[in-house]
Every structure is written in structure tokens, then in C-alpha cells.
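J.: only geometry, no sequence info:
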């Protein structure tokens with residue numbers, strides 16, 4: 001059985017008009033939230049304690065930005081994966097431009113590698129990929145026929161990986177094999193027709209999977225056995241992803257989008273937050 005959370009609506013963490021807000025990530029070392037506007041080509045940071053915000057412009061559409069162990073960001077860009085140093089210097093780690101394709105959501109695995117997704121701008125079936133990018137740039141394609149590669153995350157013990165290819169409407173689960181790569185893909189849960197499409201995800205300390213529903217105006221929480229046990233209604237139709245942050249990792253941050261909406265609601269494109277939603281996991285930085 002599912003239930004609405006006691007909170008009727010989330011708070012606004014950052015009022016913005018991001019075209020395609022995505023990829024919230026809590027940077028534990030810097031105590032700030034990182035998120036991107038993919039089509040706006042911007043990486044945002046937000047410190048909830050001080051209210052300080054920064055914006056970094058990228059030269060390409062940026063699907064994701066994650067913190068690095070030595071500072072700076074690893075970026076999943078249109079033409080591949082790049083590194084931004086703390087002093088602002090940029091270099092490509094793995095560059096593989098494909099006409100009509102761009103980077104989309106990405107996640108850092110427990111071993112410090114980056115799982116980087118891609119998709120075609122026209123969302124052609126099977127036109128995207130999911131690849132593992134090692135800290136030295138060595139890249140291995142794990143899935144070569146996805147359509148819109150989206151949420152990726154790991155169970156608290158690192159033994160399971162969760163993954164979303166949005167048009168399938170599924171949240172899938174893999175075992176992490178002895179070689180450290182995902183195997184044995186199977187469905188964890190399926191989002192019913194009319195409830196939106198699963199987009200970004202995060203895993204909490206109980207091993208439950210939180211999923212943002214594009215065109216569903218909600219975030220859902222699924223238990224490790226795939227049972228839907230919580231629904232958070234949102235004041236925007238297109239939430240894109242979610243992540244726990246804050247000093248105690250108890251606040252759920254939610255990115256949202258305006259793209260494709262003829263009359264976006266006022267908060268579309270803003271960064272929302274649901275205080276005290278649960279308990280998150282510390283996310284590892286990229287080891288490169």
C-alpha cells in the first residue's frame with residue numbers, strides 16, 4: 001500500500017527557471033548540493049546552510065556533474081566525459097562525439113567510477129548507452145541499446161544496482177558481479193500507464209528506491225522488494241531526479257524541468273526540497 005507523506009508540498013530551495021534541471025547530488029565534503037540545467041549548459045551549486053549559490057557555464061549541454069575526490073567536477077557532456085579542475089581548467093577524460101547524441105544522467109559507483117548515460121536528442125529507440133568510465137578514462141559500454149538512459153544507483157551494501165531506461169516505465173535491478181560490473185538484469189517495479197515516466201532515482205539508507213516521475217507530478221519510494229510504499233505529490237508536472245542532502249542527509253532535493261510545457265507552473269525549473277523525508281547515503285566522489 002502506498003501513502004502520501006504528511007507534508008502537503010515541498011519547500012523551494014532555489015527558485016529558478018531551468019529548462020531541464022537534473023542530477024541533484026550532495027557533495028559531502030563541500031556541504032553543498034550540485035545540480036545541472038542540461039539544455040541551459042549550466043552547473044549549479046547550493047549551500048543550504050548559508051544560502052550561497054554558484055553557477056558555472058559549460059560549452060556543451062551537460063547531462064550530469066559530480067564531485068571529484070580532489071575537487072572540481074566530472075561532467076557528462078554532449079561529446080563525452082570531461083574533468084573540470086578546482087582552478088577552472090578543463091580536459092577531456094573520454095571523448096566520443098556521436099552526431100545527434102548527448103550525455104544524460106550519470107552516477108558515481110561505490111568503486112569511484114562513473115556510470116554515464118547517453119540518449120539521442122530525438123529520443124530514437126535504442127539510440128542511447130550506459131557506460132562505465134574508470135578514473136583513468138578507460139571506458140566500457142555496459143548497455144548499448146537503451147533509449148533514454150536515466151537514474152542509476154546502488155544498494156547500501158553495494159551488491160545491487162538500480163537503473164532506469166525511461167520509456168520502458170521500469171525500475172530495473174542488477175546484481176553486481178564478481179568483476180564489479182552489473183549482471184542479471186530484471187524488473188524491480190513498473191510505473192503504470194498514466195502515472196508518468198520514471199526518470200532519476202536515489203537509494204536511501206533503508207535500501208528503498210526513490211524515483212522522480214516525469215509527467216507524473218510526483219516522487220515515489222519503492223521498497224527493496226519493489227513494493228510502492230510512499231508517494232510525494234509535487235506542484236510541478238515534470239520532476240526529473242531526487243537526492244538526499246543537508247547536514248544529516250535527511251532532506252530530499254528534487255530537480256524539475258520547464259522544457260516542453262506550453263504554460264509551465266511557476267515552480268517548474270526550480271530546485272525543490274522535502275525536509276525530513278528520510279535518510280540518505282553518503283555518495284562517493286569520482287576517483288579521477
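T.: Received, thanks. From a predicted model like this one, the values you see are computed outputs, not experimental measurements.

J.: In this structure, where is pLDDT below threshold?
T.: Low-confidence segments of the chain, defined by pLDDT under 70: 1-8.

J.: quick one: contacts for residue 236?
T.: Contacts here follow Cβ atoms under 8 Å, 6 or more residues apart in numbering; on that basis residue 236 touches 217, 256, 264-265, 267-268, 270, 272. Just so you know, the C-beta spots here come from the backbone N, C-alpha and C atoms, and that holds for glycine as well.

J.: ah, wrong one, I meant residue 160
T.: Residue 160 makes contact with 154, 173-176, according to Cβ under 8 Å, 6+ apart.

J.: Going by neighbour count, which of those are buried?
T.: Buried residues within the contacts of residue 160, defined by neighbour count using 16 or more other Cβ atoms under 10 Å: 154, 173-174, 176.

J.: Let me have those in CSV, extended by distance to residue 123 and secondary structure.
T.: As requested, those are exported to CSV (distance: Cβ to Cβ, whole Å; DSSP: H, G, I helix; E, B strand; the rest coil):
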residue, distance to residue 123, secondary structure
154, 26, strand
173, 24, strand
174, 23, strand
176, 29, strand
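
J.: I'd like the residues you listed as TSV, with distance to residue 139 appended.
T.: Shown next, in TSV, are the buried ones among the contacts of residue 160 (distance: Cβ to Cβ, whole Å):
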residue	distance to residue 139
154	19
173	24
174	19
176	18
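
J.: from these, which is closest to residue 204?
T.: Each of these was scored against residue 204 by Cβ to Cβ, and residue 154 proved nearest at 11.8 Å.

J.: Kindly indicate which of the contacts of residue 160 lies nearest residue 20.
T.: Of all the contacts of residue 160, residue 20 sits closest to residue 154, with 24.8 Å by Cβ to Cβ.

J.: Contacts only, for the closest one.
T.: Residues counted as contacts of residue 154 (Cβ under 8 Å, 6+ apart) are 109-110, 160-162, 176, 203.

J.: Which of the residues you listed fall in strands?
T.: Counting by DSSP state E, those place 160-162, 176, 203 in strands.

J.: Would you check that residue 121 makes contact with residue 102?
T.: Yes: between residue 121 and residue 102 there is a contact under Cβ atoms under 8 Å: 6.4 Å.

J.: so residue 83 bridges to which residues?
T.: Counting by DSSP bridges, residue 83 forms beta bridges with residue 74, residue 91.

J.: Neighbours of it, how many?
T.: By other Cβ atoms under 10 Å, 19 other residues sit near residue 83.

J.: One more: residue 224?
T.: Residue 224 has 16 neighbouring residues, counting by other Cβ under 10 Å.

J.: what do you get for residue 71?
T.: Counted by other Cβ under 10 Å, the residues lying close to residue 71 total 14.

J.: Spatially nearest residue to it, not counting backbone neighbours?
T.: Spatially, and ignoring its direct neighbours in sequence, residue 71 is nearest to residue 86 (3.9 Å; Cβ to Cβ, 6 or more residues apart in numbering).

J.: where do the strands sit along the stretch 1-150 of the chain?
T.: With DSSP state E, counting those that start in this stretch as the criterion, the stretch 1-150 of the chain has strands at 11-14, 21-27, 32-37, 42-46, 53-57, 62-67, 73-77, 80-84, 90-95, 101-108, 114-120, 128-133, 139-146, 149-154.

J.: looking at these, which is closest to residue 213?
T.: Judged by Cβ to Cβ, the one of the strands of the stretch 1-150 of the chain that comes nearest to residue 213 is strand 149-154, at 11.1 Å.

J.: List the pairing partners of that closest one within its sheet, with orientation.
T.: According to DSSP bridges, strand 149-154 has the following sheet partners: strand 160-165 (antiparallel).

J.: between the contacts of residue 236, which has the most around it?
T.: Using other Cβ under 10 Å as the neighbour criterion, residue 256 leads the contacts of residue 236 with 28 neighbours.

J.: Can you name the residues that contact that residue?
T.: Shown in contact with residue 256 (Cβ under 8 Å, 6+ apart): 18, 21, 234, 236, 238-240, 267-272.
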